[in-house]
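1. Starting from these lines, generate the structure:
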Amino acid sequence: MPQETGNFKSRLFGGFDRHDVIEYIEELAAERNALQRENEELRAQLDEAMEMEPAVSTDLGEDAAKSVEQYKKQKSEILAKTKETLCDLWEKYDSVCGDLKVNVTQIQGELTDMGV
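-> Got it, this is the predicted structure:
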């Protein structure tokens, strides 16, 4: 289809060649009809997609809810294990500190005895 409207041949006594104008109008009509068909097809596809959307979003919602529950469960388990490990470390730390205090006291006593 011509992109310009100035593609018509001039007639001897003014105006445009009737055949060129009719051909141009027919091309425009064919293009318009093709665009209307495409538009109808796209609208039908959109309607189908809109009808399917609630089912898809419901499925995704259930999957997302399951994933969130799994995440929460794993998070709780990890936090419990971390807390348990931390408590064990604090106990060991306290034990080591107690041992060090005893050792320091013994060493101070020995140093005092050696200095005398």
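2. Which pLDDT value does the model give residue 10?
-> On pLDDT, residue 10 comes in at 64.
3. now swap in the one 3 residues further on and tell me
-> Per-residue pLDDT puts residue 13 at 65.
4. residue boundaries of the helices in this protein?
-> Taking DSSP state H, the helices of the chain run over residues 18-115.
5. Flag the shaky bits of the protein, pLDDT-wise.
-> Scanning the chain for pLDDT under 70 picks out the ranges 1-15, 53-60, 116.
6. how much space between residue 50 and residue 35?
-> As defined by CB to CB, to the nearest Å, residue 50 lies at a distance of 22 Å from residue 35. Every C-beta, even on glycine, is put in place using the N, C-alpha and C of the backbone.
7. no no, residue 27
-> Counting by CB to CB, the gap from residue 27 to residue 35 is 13 Å.
8. How much space separates residue 78 from residue 72?
-> 11 Å.
9. Over to residue 85?
-> For residue 85, the distance to residue 72 equals 20 Å [CB to CB].
10. How about residue 110?
-> 57 Å.
11. now do residue 84
-> 19 Å.
12. How about residue 19?
-> Applying CB to CB, the value for residue 19 to residue 72 is 77 Å.
13. do residue 35 as well
-> 52 Å.
14. again, but for residue 114
-> 62 Å.
15. same thing with residue 63?
-> To residue 72, residue 63 is 15 Å away according to CB to CB.
16. Fine by me, we can end here.
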